[in-house]
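Asker: show me the folded form of this:
(chains A and B)
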Amino acid sequence: NAGVMQNPRHLVRRRGQEARLRCSPMKGHSHVYWYRQLPEEGLKFMVYLQKENIIDESGMPKERFSAEFPKEGPSILRIQQVVRGDSAAYFCASSPGMGGNTEAFFGQGTRLTVV
Amino acid sequence: QQPVQSPQAVILREGEDAVINCSSSKALYSVHWYRQKHGEAPVFLMILLKGGEQKGHEKISASFNEKKQQSSLYLTASQLSYSGTYFCGTDGTNAGKSTFGDGTTLTVKP
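Answerer: Numbering: from 1, shown residues only, chains lettered A, B, ... in the order given. Below you'll find the model as predicted:
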């Protein structure tokens, strides 16, 4: 059973370009979460999605950032017109359901570098 | 509100014990612990729920004091592989949507 798959592992973008980060949850998991981690800092929640629905996007910046989890295919985190401050590791996690007793499993992350 | 972890960093020799604490300013329903090695994904260690339920690795122990709104992770007879940054996450109803602390960096030396 493959774990949470994220790609690409590393992404370099010039300022003003778009970044697309992909996340395939574990088999059987229908809940996806995106986190951002700045160097030497903790994980900051961004968005929680189920298939075709955004459940909680309270951690998403209001502009330039969007996320989706279509009926078919991976979840996508899109960052438009990237700036240097967007450079970070972006982690995706998935769980089979919600509930406080359900653990989440993280992918290896995508390290975005904006030059 | 973000939980507060202490200490920020700890250095141990192999075989020594350590305790990592996580405190919240709001009532907790659950606490989750993860370990992250440099450049890798966070790995699930344990969930502790209000009411006493726990789920996690057999070799890891932790406590959850609901009244004090805090949790502690106990690492006994530490091994080199225990090195990494430990994060606690807190949330009301969903383990996947957590508010994480800033982490405790544990270094185990031979």
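Asker: interface residues of chain B facing chain A?
Answerer: By C-beta under 8 Å from any C-beta of the partner chain, the part of chain B that sits against chain A consists of B:2, B:29-30, B:32, B:34, B:40-44, B:47, B:49-50, B:53, B:55, B:87, B:89, B:91-103. Bear in mind the C-beta positions are built from the backbone N, C-alpha and C, glycine included.
Asker: not counting sequence-adjacent ones, nearest residue to A:Glu41?
Answerer: The spatially closest residue to A:Glu41, leaving aside those adjacent along the chain, is B:Asp102, at 6.6 Å (C-beta to C-beta, 6 or more residues apart in numbering or on different chains).
Asker: can you pull the contacts of that neighbour?
Answerer: B:Asp102 is in contact with A:41-42, B:2, B:5, B:8, counting by C-beta atoms under 8 Å, 6 or more residues apart in numbering or on different chains.
Asker: redo that, cut-off 10 Å
Answerer: A:40-43, B:2-5, B:8, B:85, B:87-88 (C-beta atoms under 10 Å, 6 or more residues apart in numbering or on different chains).
Asker: of these, buried ones?
Answerer: Among these, those buried by neighbour count (16 or more other C-beta atoms under 10 Å in any protein chain shown) are A:42-43, B:3, B:5, B:85, B:87-88.
Asker: pick out whichever of the residues you listed sits closest to B:Lys67.
Answerer: Using C-beta to C-beta, B:Pro3 comes nearest to B:Lys67 of those, at 15.8 Å.
Asker: so how far is B:Val10 from that closest one?
Answerer: Distance check for B:Pro3 against B:Val10: by C-beta to C-beta, to the nearest Å, it reads 17 Å.
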